[in-house]
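>>> here is a sequence with its predicted model. Questions after.
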Amino acid sequence: MMRVDDLPPTFTTDQARALGVHPRELYAWRDDEAVLELSRGVFRRADAPPASLPDVLAVSLRAPRAIVCCVSAAAIHAITDELPSAVQIAVPRSGHSPAIDFPPTTVLRFADAGFELGLSSVEAAPGESVRVYDAARTVVDLIRLRHRFGESVAYAALQRYLSGPQSRPAQLLKYADALGAFGPVRAALDVAVSR
């Protein structure tokens, strides 16, 4: 018989079923608070170490091909003070767009050609990583989508990125060129470095 501690720290209903857990048993564990339901069909063992990004972890298990982006990624990389009201994820334009009610999630559709450009990962819980755009790609996305997220958010993220130890202005321009945003990123970079 499968025990709760035989499961990974965070898991889906499908993963539990593949390991031989009957749904009735899974929901009994939830009712007994041996597991916590992070999102529909995503659970975390109550004895697991705390997750630093539980909402991001839950969304990544619901949409494993998605990549955390924009303000959510900027918050992860500490290049914004904004607190996103929803986890922002990117999916390929040609792919399936997940419908996730909880945690609140905003889905953005990005072109397939540059979809994985700047892909990195971050540990959302001990030993559990999620896909996220790196800081340079995040800055470029915020600038090219400044009409959606606000110019102040985009330019503040650029300033923080440039003042950080991992700053690579050439990487910003490389990503901007590949994503069709070279002009706006170059102009913002020129203003930022002239201050």
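Arrived safely, thanks for sending.

>>> ok, residue 40 touching residue 102?
Yes. Using C-beta atoms under 8 Å, residue 40 is in contact with residue 102, at 7.1 Å. Bear in mind the C-beta positions are built from the backbone N, C-alpha and C, glycine included.

>>> contacts for the lowest-mean-pLDDT helix or strand in the chain, please.
Lowest mean confidence among the helices and strands of the chain (mean pLDDT, DSSP states H and E): helix 182-194, at a mean of 86. Helix 182-194 has contacts (C-beta atoms under 8 Å, 6 or more residues apart in numbering) with 139-140, 143-144, 146, 154-155, 158-159, 162, 169, 172-173, 175-176.

>>> and those residues, which two are furthest apart?
146 and 169 (18.2 Å; C-beta to C-beta).

>>> now do the SS call for residue 180.
With DSSP: H, G, I helix; E, B strand; the rest coil as the basis, residue 180 sits in coil.

>>> next up, the contacts around it.
So residue 180 contacts residue 144 (C-beta under 8 Å, 6+ apart).

>>> can you report phi and psi for it?
phi 70, psi 30 (degrees, to the nearest 10).

>>> now do it against residue 45, distance only.
To residue 45, residue 180 is 44 Å away according to C-beta to C-beta, to the nearest Å.

>>> same question, residue 23
Counting by C-beta to C-beta, the gap from residue 23 to residue 45 is 17 Å.
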